[in-house]
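> sequence and predicted structure, then a few things I'm wondering about:
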Amino acid sequence: MRSFENKNIETLYSAEDLQNKAKELGAQIAKDYGDRTEELTVIGVLKGSFIFLADLVRAIDLPLNIDFIGVSSYGDGTESSGKITITHPLSKPITGKDIIVVEDIVDTGLTMKALLELFEESKPASVKVCTLLEKPERRQVTVQMDYVGFSIPDKFVLGYGLDLAGRFRNLPFVGVNQGDA
Ligand code: IMP
């Protein structure tokens, strides 16, 4: 247990666990896409994926394009609404491109489903999804996930890009808040 900002946070996955997982997924992606001639486009979903994406892409030994899309999926509460607002658009068209969408976590699945529907409108050549974490017990819709780091129980996690009310993204590990210190 470590104390950050006066909270007791129990480590679920250490920095080393996360880096090893990013390396494993990156190597798998490089293997799966190795024989394609088209350049792969990796799209990070902001803000939560930024640290995972940084580790993941360094483990993909292929020519890559990296882009980001900013999405806000929560209204005022902490439940996904299924409606997404694009807070930061892609910088380049994805028509005809092989894309991999990188998320920090798939929870209800509503955000990823809405995002995939949005991307499909641009007619990419192929779409795959890579998520560091997923919570199977919380799923409300079936959603495509091609590369999954860890399946976790129904607990709110933070760190390594994941936030609690905008904070804790900078923790080097993924942890569970155990209450105030
Ligand atoms: P979904 O639409 O319910 O799948 O929610 C996806 C988004 O909810 C993720 O991209 C996160 O931003 C957020 N989220 C879901 N569960 C957690 C969690 O345990 N910690 C931090 N953010 C979470």
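Cool, got the structure. As the structure is a computational prediction, the values presented were derived from the model and not from experiment.

> so after the helix-or-strand element of the chain with minimal mean pLDDT, what's the next helix or strand?
Taking mean pLDDT, DSSP states H and E as the measure, the helix or strand of the chain with the lowest value is strand 2-4, at a mean of 64. For strand 2-4, the following helix or strand on the C-terminal side (DSSP states H and E) is strand 7-13.

> who does that following strand pair up with?
Strand 7-13 pairs in its sheet with strand 2-4 (antiparallel), strand 174-180 (antiparallel), by DSSP bridges.

> right, is it up against the ligand?
No - judged by C-beta under 6 Å from any ligand atom, strand 7-13 makes no contact with the ligand; its nearest approach is 10.2 Å. Every C-beta, even on glycine, is put in place using the N, C-alpha and C of the backbone.

> which other helices and strands does the next helix or strand after that strand contact?
Per DSSP H and E, the first helix or strand lying C-terminal to strand 7-13 is helix 15-33. Packing partners of helix 15-33 (3 or more C-beta pairs under 8 Å, 6 or more residues apart in numbering; DSSP states H and E): helix 50-57, strand 126-134, strand 147-151.

> list the contacts for the residue nearest the centre of the chain?
Residue closest to the mean C-alpha point of the chain, counted by C-alpha atoms, centre = their mean, is E103 at 1.5 Å. For E103, the contact set (C-beta atoms under 8 Å, 6 or more residues apart in numbering) comprises 45, 48-49, 111-112, 129-132.
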